[in-house]
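**Student:** following is a predicted model, sequence given first.
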Amino acid sequence: MPVKSLVFMQGFNRFKSLLTDGLKSGVPTKGYFWLGLFLLVALLVQQSTGWQWTLLTGLQGDNTYKLATGFGLFAFVLYQWRFSVKRAQGEQRNVATMMDRHKLFGALLLLFFFGHSQTLGYGYLEILSLTLLLAFLTGLFNFQIVKIHKPWYRPVWISAHVGLSMALLLLMAYHVYLDYAFK
C-alpha cells in the first residue's frame, strides 16, 4: 500500500473518530448539517478522484460564465455577512430566523464554489479555496453541533469562523483584482 494512501486512511480515521466523538451527545437534527456534510463528502470524493463534469468544464472555460459565477459566489459570501452585520448593529429581532438562514445558505456554499470551479487551483487560488473550505467547516461543525462545553471553545470557534470569513473576503477581492487587472 503506498504511503500516500496510508496517510489518507489515517487522516480519514482520525476525522471519523473526531466526528463521532463530537456528535456523541446526540445526532444533530438540523438538515443544514446533513446537507453540508453530504456536499463536503461529494467535494472530497470529486477532488480525490479528479472527476470532472464535462458540461460544467465547458461552461467554466467561458469567461462570461466565470464572471457571472464569480460574481454570484462573491454576492453569496457577502449575503452571509449580512447576519454578522445585523447582529453587530444590535438587531435582535428575527435573530433565530437569520441564524437558520445563515446556516442553511452556508451549507450550500460548496455548490456555489463547485459551480465556479471544479478544482482547488494552485498558488493563491489554492489558499483561497482552502480558506473557503475552512470557513465552511468551522460553520458546519459549529458549537451547537460539536457539543464541547468548555468556556474557551465558543470564543475560539467564533474567532476562527469570522476570521476565516474575513480572510476569504480579502482573498476574493485579491482574486478579482488579479483576474481583471492583468487581462
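**Tutor:** Perfect, I can see it now. Since this is a predicted model, take the numbers as computed values, not measurements.
**Student:** C-terminal to the helix or strand hosting residue 75, what's the next element?
**Tutor:** Using DSSP states H and E, residue 75 sits in helix 63-88. Downstream of helix 63-88, the first helix or strand assigned by DSSP H and E is helix 95-107.
**Student:** give the other helices and strands that the helix or strand that that next one is followed by contacts.
**Tutor:** For helix 95-107, the following helix or strand on the C-terminal side (DSSP H and E) is helix 109-116. The contact analysis (3 or more CB pairs under 8 Å, 6 or more residues apart in numbering; DSSP states H and E) places helix 109-116 against helix 31-49, helix 54-60, helix 63-88, helix 124-140. Heads up, the C-betas are built off the backbone N, CA and C, glycines and all.
**Student:** the longest one packs against which elements?
**Tutor:** The helices and strands touching helix 63-88, judged by 3+ CB pairs under 8 Å, 6+ apart, are helix 54-60, helix 95-107, helix 109-116, helix 153-181.
**Student:** one more time with 7 Å, if that's ok
**Tutor:** On a contact count with 3 or more CB pairs under 7 Å, 6 or more residues apart in numbering; DSSP states H and E, helix 63-88 meets helix 95-107, helix 109-116, helix 153-181.
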